[in-house]
Structures are given as structure tokens and as C-alpha cells.
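Participant: model this:
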Amino acid sequence: MSVLEIQNVGYYYYENKKVLEDITLSFEKGKFYAICGPSGCGKTTTLRIIGGFETADEGQLYFDGVEISDVPAY
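Facilitator: Okay, here's the model as predicted:
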């Protein structure tokens, strides 16, 4: 069972530059994950969305089955 799910996430900078498109990830409890890729591919933006520091323009985030897409970082 996934503890964190990211479904169809998209994100725009400056309303017209799409930097994330249709990102879908699933993280299971008790496992270790790494997000790898070249500079500028969206790793930090994805983590900022998961942490609540940015809001995805498209898609949903779920933690333990509860949608957290609009929950601010606390």
C-alpha cells in the first residue's frame, strides 16, 4: 500500500512555461527512494510540491489515502 501518491501532477512557471507534466509517483512505507535526473528536470519542484511549498497546477497528492493537494506546509 502506498503512503504517498502523486497523480498526474503538472506545474507551470510564469503561467506559460510548463515544467512538470503528468507526473505520477507512488511511495510505499518502509522503502527508500531517490529522485534522480539532470539539472532542470523538475526534481526540486516535485519535492517542493510534496512538501507543500508549491501548489501543483494540475493533479492530486494523497497521503495515507487522504488528499493533501491544497494543504499548506506546516
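
Participant: Sketch out the strands for the protein, chain order is fine.
Facilitator: In the chain, the strands defined using DSSP state E lie at 2-13, 17-28, 58-63, 66-67.

Participant: Gly37: which of those is closest?
Facilitator: Comparing the strands of the chain by their distance to Gly37 (CB to CB), the top pick is strand 17-28, with 11.6 Å. For the C-beta atoms, the positions are set from N, CA and C on the backbone; glycine is no exception.

Participant: Could you export the strands of the chain as a markdown table, including mean neighbour count?
Facilitator: A markdown table is the format used below for those (neighbours: other CB atoms under 10 Å):
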| stretch | mean neighbour count |
| --- | --- |
| strand 2-13 | 16 |
| strand 17-28 | 13 |
| strand 58-63 | 16 |
| strand 66-67 | 10 |
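
Participant: ok, now which ones touch the nearest residue to Asn8 once chain neighbours are set aside?
Facilitator: Nearest residue to Asn8, sequence neighbours excluded (CB to CB, 6 or more residues apart in numbering): Gly59, at 4.0 Å. Applying CB atoms under 8 Å, 6 or more residues apart in numbering to Gly59 gives the contacts Ile6, Gln7, Asn8, Val9, Gly10, Asp22, Ile23, Thr24, Ser69.

Participant: okay, now the last one: neighbour count?
Facilitator: Other residues within reach of Ser69, judged by other CB atoms under 10 Å, total 16.

Participant: separation between the residue lying closest to Ala56 once chain neighbours are set aside and Gly30?
Facilitator: Using CB to CB, 6+ apart and skipping the chain neighbours, the partner closest in space to Ala56 is Val9 (4.6 Å). Distance of Val9 to Gly30, computed by CB to CB, to the nearest Å: 23 Å.
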